[in-house]
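**Q** Mind folding the following:
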Amino acid sequence: MDELTRDHGLQPFDGLMDRWNLTNHELVEVSIEQLNHKQVQKARKGRQLTLHLMQKLMRALNETILVKLPKEHQASFVPYLHKHLFSYAKGYDAAWVDPNEELMPK
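**A** Residues are numbered from 1 along each chain as shown. Predicted coordinates:
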């Protein structure tokens, strides 16, 4: 496999992290699955990840957002799926509209 096929450029995951005002460190802190800073950085930059790692990052992202959301908004949060976070994931749809737009910090 050559370098070009493993590098997918900035991912929707990176954009969501920015829009939710999350840091790599926050995801690592909240995750109970031994997630590390290097894995989060690779995901943001678009390196090819395994399905297992994409799902681990998805769970960490969802959990970190829930921890930071005010209690009154937590019930209306729609968890992200890995296909929403990575443009090379099976089932990815570029036209997908984020149902959590209203909950994001301004």
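**Q** Find me the pLDDT at the spatially most central residue of the chain, would you?
**A** With distances taken as C-alpha atoms, centre = their mean, Phe13 lies nearest the centre of the chain, 4.0 Å away. As predicted, Phe13 sits at a pLDDT of 98.
**Q** That one: helix or strand, and which one exactly?
**A** Using DSSP states H and E, Phe13 sits in helix 12-19.
**Q** and that helix, what does it pack onto?
**A** Counting contacts by 3 or more C-beta pairs under 8 Å, 6 or more residues apart in numbering; DSSP states H and E, helix 12-19 is packed against helix 37-45, helix 51-68, helix 82-85. In short, each C-beta sits where N, CA and C put it, glycine included.
**Q** Low-confidence ranges, this structure, go.
**A** Applying pLDDT under 70 to the chain flags residues 1-4.
**Q** please redo it, this time with the cut-off set to 50
**A** Counting by pLDDT under 50, the chain shows low-confidence ranges at 1-2.
**Q** right, and the helix or strand after the helix holding Phe13?
**A** helix 24-30.
**Q** what does that next one contact?
**A** Residues outside helix 24-30 that contact it (C-beta atoms under 8 Å, 6 or more residues apart in numbering): 17, 35-37, 40-41, 44, 57, 60-61, 63-64, 67-68.
**Q** now with 10 Å?
**A** 17, 20, 22-23, 34-41, 43-44, 56-57, 59-68 (C-beta atoms under 10 Å, 6 or more residues apart in numbering).
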